[in-house]
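S.K.: next come a sequence and a model predicted from it.
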Amino acid sequence: MNNSLLEKSIRNIPDFPKPGILFRDITTLVQNKDAFKKTVDLLSKKYKGKGFDKVVGVEARGFIFGGSVALKIGAGFVPVRKKGKLPYKTISTTYELEYGTDTLEIHKDAITPGEKILIIDDLLATGGTIKAVTELVNQLGGKIAGIGFVIELVDLKGKEKLKNYPVFSLIKFQGE
């Protein structure tokens, strides 16, 4: 699959958020109506007709793609947010970051046990955030049948933390 339009639409920002990091900025992709449409169309094509009940999107860029894909494949949308941002009863999980920890939450009633779940986010790097999301979905009894990303940073080996799930990425970057 030729994703050159998508790759060209991603802005590379060196030394952000710290020296030595090459940040892959998707804001330029979503500003480009053709690239944004192609991204959503390609993700939706991968998952349409597979019987997903809900799409789980991760704050904040996962909302952009997850909500769009949910609409196109005929599924509900579930937001996973940082601690203290959801208004109803939640469950949470705390996970390790490079320096410190973070906590994600999901509404307790967002997923019914047995529902077929697709998780969508913009980027797979080390896999810590999405691994935490899988823990939340599993706590609620959801059956994770797919995890999709716009970008995968292959060298960071995040996919290894998700080896129990089918993972798909539109664009894979290596060696940077």
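M.R.: Everything's here; your move.
S.K.: just the pLDDT for the closest residue to A145 other than its chain neighbours.
M.R.: Leaving aside its sequence neighbours, A145 sits nearest to K116 (CB to CB, 6 or more residues apart in numbering; 5.0 Å). (Glycine included, C-beta is placed from N, CA and C.) Looking at K116, its pLDDT stands at 98.
S.K.: can you tell me how far K116 is from K159?
M.R.: Plainly put, K116 is 21 Å away from K159 if you go by CB to CB, to the nearest Å.
S.K.: compare those two (neighbour count), which wins?
M.R.: Neighbours per residue (other CB atoms under 10 Å) separate K116 from K159, with K159 holding more: 19 against 15.
S.K.: are we agreed that the more buried one is in a helix?
M.R.: Yes: under DSSP: H, G, I helix; E, B strand; the rest coil, K159 falls within a helix.
S.K.: how about the helices of this structure, start to end?
M.R.: Under the criterion DSSP state H, the chain contains helices at 4-9, 27-31, 33-47, 61-73, 128-139.
S.K.: looking at these, which is nearest to S169?
M.R.: Closest of these to S169 is helix 33-47, at 10.0 Å (criterion: CB to CB).
S.K.: next, the contact list for the residue nearest to A145, please.
M.R.: Applying CB atoms under 8 Å, 6 or more residues apart in numbering, we find K116 in contact with 50-54, 142-143, 145.
S.K.: 10 Å instead?
M.R.: 50-54, 75, 142-146 (CB atoms under 10 Å, 6 or more residues apart in numbering).
S.K.: hey, which strand is longest across the chain?
M.R.: For the chain, the strand that runs over the most residues, judged by DSSP state E, is strand 143-153.
S.K.: strand partners of it, parallel vs antiparallel please.
M.R.: Here strand 143-153 has these sheet partners by DSSP bridges: strand 116-124 (parallel), strand 167-173 (parallel).
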